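Chemist: My questions are about this predicted structure, shown below with the sequence.
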Amino acid sequence: MAEEIIDFNNAKARAYDAKVRAHDHIVRGTAADGQLRAFAINGRETVQEASNRHHTSNVVTAALGRLMMAGQMMGAMSKVDDELLTLSVHGDGPVGGITVTANNKGQVKGFANHPNVWIPLREDSHLDVGGALGAGTLTVVHDIPHMEPYSSTIGLVSGEIGDDLTYYFAESEQIPTSLGVGVLVDVDYSLRQAGGFVIQAMPGCEDYVLDALEKNLQGVKSVTQMLEEGMTPSSMLDFLLRGLDYQELDAMPAEFHCGCDRDRAARCVMALGEAEIRDIIQKGETADVHCHFCGENYVFQPEELQRMIDQPA
């Protein structure tokens, strides 16, 4: 009987794992006897939903998607369930800025200040994410319950997101890191590929391991090229860490998730104060709450506003 229960639990675990890997997901693993830790993500569905919600242009889809997937992988590094990680890019380019928030469950949300920016392609025919963002800063904020949030800000290296976050880890956290994120938008402006990876050296990592990793990475053209060749997050890390005894630990779902709802929107309206709400009612107007992260609009009619102040929660 015990053996049957174990087999049943294993079958359930395999079925769940297959379900996770059928959609956007993050894989986590180690290599070189724990001297390296690695993460990789397939984020096409997540980035597509963000693009649909915010009606982004192709270059903004790429910029927002790259930052979202980086946030998801960085969030997956946290061992604190309720930690929130916020990545903010502010630049003098036409996009203005991008803000992304992620947790350690693979969930992410984000928005661009100006989502409909269109600029020419680069000379190599790739989307000019760096040009869209311009010169500016990247800020990373860690918000852990019962602790003061702590943040670090660096100047943008290229505005291409991957380079900037690689520099952030080296400058602010003193962790040798290789980070790549890519979004491929098709000729009809639909999202074709989206994914990324993070590989970090742990304290005490030996030079020969870093040398081998660097050699492996030299043969990589881009994340989107690996995805175009049919690689999954698992096979991507197998390829990047070949010869370094890569061991996969687990896979977790990845998704766009905001968490706003009508009750939270109502609390925002109540924060206006009773006098302001009564003035809105008297004018026969509505109170509108817009969520920047997901694009949802919550509209409260005068009758509902009246009930809210007559029967406060």
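Modeler: Okay, I see it.

Chemist: Quick one: neighbours of the nearest residue to Ser78 once chain neighbours are set aside, just the number.
Modeler: Residue nearest to Ser78 in three dimensions, not counting chain neighbours: Asn104, with 4.2 Å by CB to CB, 6 or more residues apart in numbering. Where C-beta positions appear, they are placed from N, C-alpha and C, glycine not excepted. Neighbourhood size, Asn104 [other CB atoms under 10 Å]: 19.

Chemist: Please renumber the chain so that the first residue is 54 from this point on.
Modeler: Shifting the count to begin at 54 puts that one at Asn157.

Chemist: what's near enough to touch Asn157?
Modeler: 128-134, 136 (CB atoms under 8 Å, 6 or more residues apart in numbering).

Chemist: and those residues as a markdown table, adding pLDDT and secondary structure?
Modeler: Output for the contacts of Asn157, formatted as a markdown table (pLDDT from 0 to 100; DSSP: H, G, I helix; E, B strand; the rest coil):
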| residue | pLDDT | secondary structure |
| --- | --- | --- |
| Gly128 | 97 | helix |
| Ala129 | 96 | helix |
| Met130 | 95 | coil |
| Ser131 | 92 | coil |
| Lys132 | 87 | coil |
| Val133 | 87 | coil |
| Asp134 | 86 | coil |
| Glu136 | 93 | coil |
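
Chemist: May I see the buried residues of stretch 304-324?
Modeler: 304-311, 313, 318-319, 322-323 (16 or more other CB atoms under 10 Å).

Chemist: circling back to that earlier point, checking my notes, the residue nearest to Ser131 in a strand, right?
Modeler: No - looking at Asn157 with DSSP: H, G, I helix; E, B strand; the rest coil, it is coil, so not inside a strand.

Chemist: about what we covered before: tell me which entries of the buried residues of stretch 304-324 lie within helices.
Modeler: Those of the buried residues of stretch 304-324 mapping onto helices are 318-319, 322-323, per DSSP state H.

Chemist: still on that earlier bit, which of the contacts of Asn157 lies closest to Pro147?
Modeler: Gly128 (28.1 Å; CB to CB).

Chemist: Might you report the residue contacts of the closest residue to that closest one other than its chain neighbours?
Modeler: Leaving aside its sequence neighbours, Gly128 sits nearest to Ala155 (CB to CB, 6+ apart; 3.7 Å). For Ala155, the contacting residues are 121, 124-125, 127-128, 137-138, 140, 161-162, by CB under 8 Å, 6+ apart.

Chemist: In terms of distance to Ile228, which of those residues ranks first?
Modeler: Lowest distance from Ile228 to the contacts of Ala155 (CB to CB) belongs to Met127, with 11.3 Å.

Chemist: didn't the closest one look like it was pressed against Val251?
Modeler: Yes - using CB atoms under 8 Å, Met127 is in contact with Val251, at 7.3 Å.

Chemist: Between those two, tell me which one has more neighbours.
Modeler: Per other CB under 10 Å, whichever of Met127 and Val251 has more neighbours is Val251, with 27 against 22.
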